[in-house]
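S.K.: turn this into a structure:
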Amino acid sequence: MSAASTSLQMAQIYDYCLTIAPEVQCELRWTVIRVTFTLARYVPFIGVAMTTYAAVANWSKFKSCSTYNSVSNGK
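M.R.: Numbers count the residues shown, from 1 in each chain. Purely as a prediction, here's the structure:
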């Protein structure tokens, strides 16, 4: 992973941390747009968690480091 990629991911995590409180406190009614926005914003965390779990659970099968892509594809 390059330094630029890592810094972009950290900036995105920082943005999530800054905006989570206003999103939770928002008292607007739930519309299709708000549900779509919420799913698009937070579902990637589930994917990252599942991929990380797969990497950790399959660590003993790999003799060397492997990329997330190879772990998530079962290679």
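
S.K.: okay, which residue is most central for this protein?
M.R.: Relative to the mean C-alpha position of the chain, the nearest C-alpha, by C-alpha atoms, centre = their mean, is the one of Phe45, at 2.9 Å.

S.K.: and it, what pLDDT?
M.R.: Phe45 carries a pLDDT score of 83 in this model.

S.K.: then Thr38?
M.R.: Confidence at Thr38, expressed as pLDDT, is 86.

S.K.: how about Leu8?
M.R.: 78.

S.K.: that one and Ala55, how far apart?
M.R.: Look at Leu8 and Ala55: by C-beta to C-beta, to the nearest Å, they are 21 Å apart. Using the backbone N, CA and C atoms, a C-beta is placed for each residue, glycine as well.

S.K.: try Trp30
M.R.: In this structure, Trp30 and Ala55 are 35 Å apart, going by C-beta to C-beta.

S.K.: who's more crowded, the two?
M.R.: Set Trp30 next to Ala55 and count neighbours by other C-beta atoms under 10 Å: Ala55 wins out with 17 against 8.

S.K.: what packs against the helix or strand where that one lies?
M.R.: Mapping Ala55 onto the secondary structure by DSSP states H and E places it in helix 32-57. For helix 32-57, the elements it packs on are helix 68-72, judged by 3 or more C-beta pairs under 8 Å, 6 or more residues apart in numbering; DSSP states H and E.

S.K.: avg pLDDT for the helix it packs on?
M.R.: Averaged over helix 68-72, pLDDT sits at 62.
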